[in-house]
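**Student:** sequence and predicted model, in that order:
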Amino acid sequence: MGKKFLERVFTKKEIEYCESKKAQKYQHYAARFAAKEATFKAISWKLKDKYEISWKNIEVENDKQGRPNINLIGVDLENIEDIDISISHCKNYAVAYVTVLSK
């Protein structure tokens, strides 16, 4: 992956996290990419225009127990109460599922 691509799609925190995984870093990048795509699809019905949000407005971070969470940066979507995410990856595949709870 090129540096320009990484900086366009991933936040600084995400890059630091993935790079810390050394040999498995590409699996973690793929999982975060899948998570961002799944999040975009799950919240897109709330957007007036699909260009309202960019890759870096969606950040995947892990809590203290290692569970992934979605952090929306600079995006205020009304009536979204919670975003749940599940990420899985192995050597050749990554998948993410996102559920949005809305009022």
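**Tutor:** Cool, the structure landed. None of these values were measured; they are calculated from a predicted model.
**Student:** just checking, what's the longest helix in the chain?
**Tutor:** The helix spanning the most residues in the chain, taking DSSP state H as the definition, is helix 25-43.
**Student:** for that one, buried residues please.
**Tutor:** Using 16 or more other C-beta atoms under 10 Å as the burial criterion, the residues of helix 25-43 that qualify are 27-36, 38-40, 42-43. Every C-beta, even on glycine, is put in place using the N, C-alpha and C of the backbone.
**Student:** out of those, which comes closest to K3?
**Tutor:** Y29 (12.5 Å; C-beta to C-beta).
**Student:** quick check: pLDDT value at E19.
**Tutor:** In this model, E19 is scored at 97, pLDDT.
**Student:** how much space between it and K13?
**Tutor:** Using C-beta to C-beta, to the nearest Å, we find E19 at a distance of 11 Å from K13.
**Student:** please apply the same query to A30.
**Tutor:** Distance, A30 to K13, using C-beta to C-beta: 17 Å.
**Student:** just E7 next, same as before
**Tutor:** With distances defined as C-beta to C-beta, the gap from E7 to K13 amounts to 13 Å.
**Student:** and for Q24?
**Tutor:** With the distance defined as C-beta to C-beta, Q24 ends up 18 Å from K13.
**Student:** for K56, give me its contacts.
**Tutor:** Contact criterion C-beta atoms under 8 Å, 6 or more residues apart in numbering gives 8-11, 73 as the residues in contact with K56.
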